[in-house]
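Trainee: got a predicted model here, sequence first, then my questions.
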Amino acid sequence: MNALNHGESQSPKSASWNVGDMIFKYLTSFFAALVLLLIALMAYEMYSSSSLSIQKFGWGFLIGTEWDPVMDQYGALPFVYGTLVSSFIALVLALPVGLGVAIFLTELAPKWIERPLSFTIELLAGIPSIVYGLWGFFVMVPWIRTTVEPFLSKYLGSIPLFAGAPYGVGMLAAGIILSIMILPIISSISRDVLKAVPIAQKEAALALGSTRWESTRIALSYSRSGIMGATILGLGRAFGETMAVTMVIGNRPVISASLFEPGYTMASVLANEFTEATSEMYISALIEIALVLFVVALLVNAAARLLVWSFTRNSDVGGRL
Amino acid sequence: MKTIFFRYRKIKNVGMYALCVASVLVALVPLMLIFYHTISHGLEALSVNFFTQLPKPVGEPGGGLGNAIVGTLILVGLGSLIGLPIGIFSGVYLSEFGNNKFGMIVRFMTDVLNGVPSIVTGVVAYTIVVLPAKHFSAYAGGFALGILMIPIVTRTTEEMLKTVPNSYREAALALGIPQWKTTLRIIIPSAIGGIVTGVMLAVARAAGETAPLLFTALNNRFWHTTLDQPIASLTVFIYNYGVSPFEDWIAQAWAGALVLILLILFLSVAVRFATRQRF
């Protein structure tokens, strides 16, 4: 592709061709620039539409715990808390499983298992959020209420995290459904990252007499920045998930120590209250929540991409995701 | 002593790999369960009426989500009008001219855009389209879906164009064909299967989105006559029916989920088939 970027160095005779080439190049770069413009436009639109609430509450918006549309008083801390906690549960559950899958795919599976298996697991990423929500609401939540939560409170009930009545819906349910949803991201990127580890690293370990698992350990520590990137990407996805979480988290803006209690996330408050918002301040506060989500998504994705890119840049894999 | 340590390492070797196999099984269980429950619940309410009739009021049996299926098609179509041209052209730019700083920035920001939560896209569509017009419309929903489609189409187009061997470009240029013609008539046709793949992936993602439609396209219980009005979509109907207390509606929500999953499954397999054939 490199060899082609030399339109300007062609001989004067071919000037008439260059007009077409110039137009083509500027046309396509115009569309590429549109992508950048779009991101800037999104940021500007949300910033200007939430100016009312930004001016009134300032940074206190993020740490205020009062969410009271009747009194026009808005603080987003319960939502920030819900988003962070549910995503963290998801990460704790999905990371070991996702890494296990990635190791299985790169180290153990023969080719004829590897391809259909990675396809099947990536299908999880293709299932729409609303289907997860429906399944979570009607199948997973009853299971959590009758099996998981009684079990946890029986054996770990003395820890405040697992105390309280088993509602089914709540922080724990949101974390579990999110973990299923981010699993394919973590496993497929970790797989790409593990594949990019130079074979010499593993061969050297094996030659020194290590077991296969020990050579895998070497590959894991060699690729930890890439795996960190995969983890952060999964986290970013969990932050923004809306429908499935909205259907299973219980939607109550409270901060409670127990994971069995209902909660609320930034994305789900948008989904639930946006069409009902009547006062301008209410809408402005909701848009500010969207702005916070947007900025967090930008930061998280930028950090994760840099980590993954820096790791897989020199190999053929990984850039795609 | 030495042999004990060696045995410990051997056991650890087998044990850790056994855990890896176990995590594959753990990962597959929810997938199987989701498919099982969606199919078994969904088949109950699935019938010809589901595809052809309007939703009935509560208590009246029968009816379908015909308007919602048409609505989803319309919304995805509108989204494609925005997402495909921008996505394909910027993909062409990245692959053919993008080996510079600007290309790097665009590539990076496209990836970042891919990670922006879909509900945020809905909020942006609300402020840009709904607020000035003062009412919800199909246009607003299509706009939100279009933004979501751009990064998928861009990155797949770029990747697929890059798989075309450089010798094709060199041969065409050596014959005196201008670069724009080379790209449009030789490079793009060579990778068209892959580009279609990206389009299908984007369509699959857009068809399954709910969050950006909640306060842009809203919902509608009738057939659509104009794009300037709220429009129904399968996903929003699944949500509204799924959280309702009525059994008929919940059954129809499962049927809708089944239709959606079959559509996604069909597109994924088609994509896989298309990419394997060519590359």
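Mentor: Yep, that arrived.

Trainee: now A:Ala303: how far from chain B?
Mentor: According to Cβ to the nearest Cβ, to the nearest Å, A:Ala303 and chain B sit 10 Å apart. In short, each C-beta sits where N, CA and C put it, glycine included.

Trainee: burial count for that residue?
Mentor: Neighbours of A:Ala303 under the rule other Cβ atoms under 10 Å in any protein chain shown: 16.

Trainee: what do you get for B:Val269?
Mentor: B:Val269: 12 neighbours (other Cβ under 10 Å).

Trainee: go on, B:Ile105?
Mentor: By the criterion of other Cβ under 10 Å, B:Ile105 has 15 neighbours.

Trainee: how far out from the middle of the chain is stretch A:297-313?
Mentor: Between the centre of stretch A:297-313 and the centre of its chain there are 12 Å (Cα atoms, centre = their mean, to the nearest Å).

Trainee: ugh, typo on my part, it should be stretch B:94-114
Mentor: Put simply, stretch B:94-114 sits 21 Å off its chain's centre (Cα atoms, centre = their mean).

Trainee: could you check how far whichever residue of the stretch 151-279 of chain B sits closest to chain A is from B:Ile264?
Mentor: As assessed by Cβ to the nearest Cβ, chain A sits closest to B:Gly208 within the stretch 151-279 of chain B, at 3.0 Å. Look at B:Gly208 and B:Ile264: by Cβ to Cβ, to the nearest Å, they are 6 Å apart.

Trainee: likewise for B:Ile11?
Mentor: For B:Ile11, the distance to B:Ile264 equals 42 Å [Cβ to Cβ].

Trainee: more neighbours, those two?
Mentor: Set B:Ile11 next to B:Ile264 and count neighbours by other Cβ under 10 Å: B:Ile264 wins out with 20 against 11.

Trainee: that one is in what secondary structure piece?
Mentor: helix B:247-278 (DSSP states H and E).

Trainee: and that helix, which residues are buried?
Mentor: B:248-261, B:263-264, B:267-268, B:271, B:274-275 (16 or more other Cβ atoms under 10 Å in any protein chain shown).

Trainee: distance of A:Gly240 relative to B:Ile119?
Mentor: In this view, A:Gly240 and B:Ile119 are 7 Å apart by Cβ to Cβ.

Trainee: shared neighbours of B:Gly208 and B:Ile264, anything?
Mentor: A:126-128 (Cβ atoms under 8 Å, 6 or more residues apart in numbering or on different chains).

Trainee: what's near enough to touch A:Met46?
Mentor: Here A:Met46 is in contact with A:287-288, A:290-291, A:294, B:120, B:123-124, B:127 (Cβ under 8 Å, 6+ apart).

Trainee: again, only this time at 7 Å
Mentor: Counting by Cβ atoms under 7 Å, 6 or more residues apart in numbering or on different chains, A:Met46 touches A:287, A:290-291, A:294, B:123-124, B:127.

Trainee: excluding its backbone neighbours, what's nearest the closest residue to chain A within the stretch 101-250 of chain B?
Mentor: In the stretch 101-250 of chain B, the residue that lies nearest chain A is B:Pro117 (2.4 Å; Cβ to the nearest Cβ). Leaving aside its chain neighbours, B:Pro117 sits nearest to A:Gly240 (2.4 Å; criterion: Cβ to Cβ, 6 or more residues apart in numbering or on different chains).

Trainee: B:His135 falls within a helix, correct?
Mentor: No: counting by DSSP: H, G, I helix; E, B strand; the rest coil, B:His135 falls outside a helix, being coil.

Trainee: for chain B, see how far away A:Gly126 is.
Mentor: 5 Å.

Trainee: try A:Ile189
Mentor: With Cβ to the nearest Cβ as the criterion, A:Ile189 and chain B are 12 Å apart.

Trainee: all strands for the chain, in order.
Mentor: All of this is about chain A. Counting by DSSP state E, chain A has strands at residues A:67-68, A:73-74.

Trainee: chain center to the first one, what's the gap?
Mentor: Remark: strand A:67-68 is offset 27 Å from the chain centroid, using Cα atoms, centre = their mean.

Trainee: cool, and the last one?
Mentor: Its chain's C-alpha centre lies 28 Å from the corresponding centre of strand A:73-74 when counted by Cα atoms, centre = their mean.

Trainee: list of residues touching that strand?
Mentor: Under Cβ under 7 Å, 6+ apart, the answer for strand A:73-74 is A:53, A:57, A:61, A:64, A:66-67, A:285.

Trainee: can you do 6 Å?
Mentor: A:66, A:285 (Cβ atoms under 6 Å, 6 or more residues apart in numbering or on different chains).

Trainee: in the stretch 201-321 of chain A, which residue sits nearest chain B?
Mentor: A:Gly240 (2.4 Å).

Trainee: give me the low-pLDDT residue ranges for the chain?
Mentor: No chain in the question, so chain A it is. Along chain A, segments meeting pLDDT under 70 span A:1-17, A:313-321.

Trainee: wrong chain, I was asking about chain B
Mentor: Using pLDDT under 70, the flagged stretches of chain B are B:1, B:275-279.

Trainee: mind redoing it with 90?
Mentor: Along chain B, segments meeting pLDDT under 90 span B:1-7, B:44-45, B:47, B:56-64, B:193-194, B:197, B:220-221, B:224-226, B:248, B:263-279.

Trainee: hang on, the earlier thing: who touches the residue of the stretch 151-279 of chain B closest to chain A in this structure?
Mentor: B:Gly208 neighbours (Cβ under 6 Å, 6+ apart): A:Pro128.

Trainee: phi first, then psi, for it.
Mentor: phi -90, psi 0 (degrees, to the nearest 10).

Trainee: now the spatially most central residue of chain B: how far from A:Trp135?
Mentor: With distances taken as Cα atoms, centre = their mean, B:Arg205 lies nearest the centre of chain B, 1.2 Å away. The gap separating B:Arg205 from A:Trp135 is 19 Å, by Cβ to Cβ.

Trainee: do the same with A:Thr312
Mentor: A:Thr312 is 33 Å from A:Trp135, by Cβ to Cβ.

Trainee: before we move on, the earlier item: A:Gly240 and B:Ile119: which is more packed in?
Mentor: B:Ile119 (31 against 26).

Trainee: excluding sequence neighbours, find me the nearest residue to that one.
Mentor: That would be B:Ala211: by Cβ to Cβ, 6+ apart, it lies 4.0 Å from B:Ile119.

Trainee: residues in contact with the one you found?
Mentor: Per Cβ under 6 Å, 6+ apart, neighbours of B:Ala211: A:242-243, A:271, B:118-119, B:122.

Trainee: so which bits of the stretch 101-250 of chain B are right by chain A?
Mentor: With Cβ under 6 Å from any Cβ of the partner chain as the criterion, the stretch 101-250 of chain B meets chain A at residues B:106, B:109-112, B:115-117, B:119-120, B:123-124, B:127-128, B:159, B:169, B:178-180, B:208, B:210-211, B:214-215, B:235, B:238-239, B:242.

Trainee: if we only consider the shared contacts of B:Gly208 and B:Ile264, which is nearest to B:Val153?
Mentor: Comparing the shared contacts of B:Gly208 and B:Ile264 against B:Val153 with Cβ to Cβ picks out A:Gly126 as the nearest, at 16.1 Å.

Trainee: B:Ile264 is in contact with the closest one, correct?
Mentor: Yes: when contacts are counted by Cβ atoms under 6 Å, A:Gly126 is listed as touching B:Ile264 (5.1 Å).

Trainee: quick revisit: okay, the strands of chain A in a markdown table with mean neighbour count next?
Mentor: Formatted as a markdown table, the strands of chain A follow (neighbours: other Cβ atoms under 10 Å in any protein chain shown):
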| stretch | mean neighbour count |
| --- | --- |
| strand A:67-68 | 14 |
| strand A:73-74 | 18 |
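
Trainee: how about a markdown table for the ones you listed, with distance to A:Ile218 added?
Mentor: A markdown table is the format used below for these (distance: least, Cβ to Cβ, whole Å):
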| stretch | distance to A:Ile218 |
| --- | --- |
| strand A:67-68 | 50 |
| strand A:73-74 | 51 |
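
Trainee: quick one: closest of the ones you listed to B:Val153.
Mentor: Of the strands of chain A, nearest to B:Val153 by Cβ to Cβ is strand A:73-74, at 37.3 Å.
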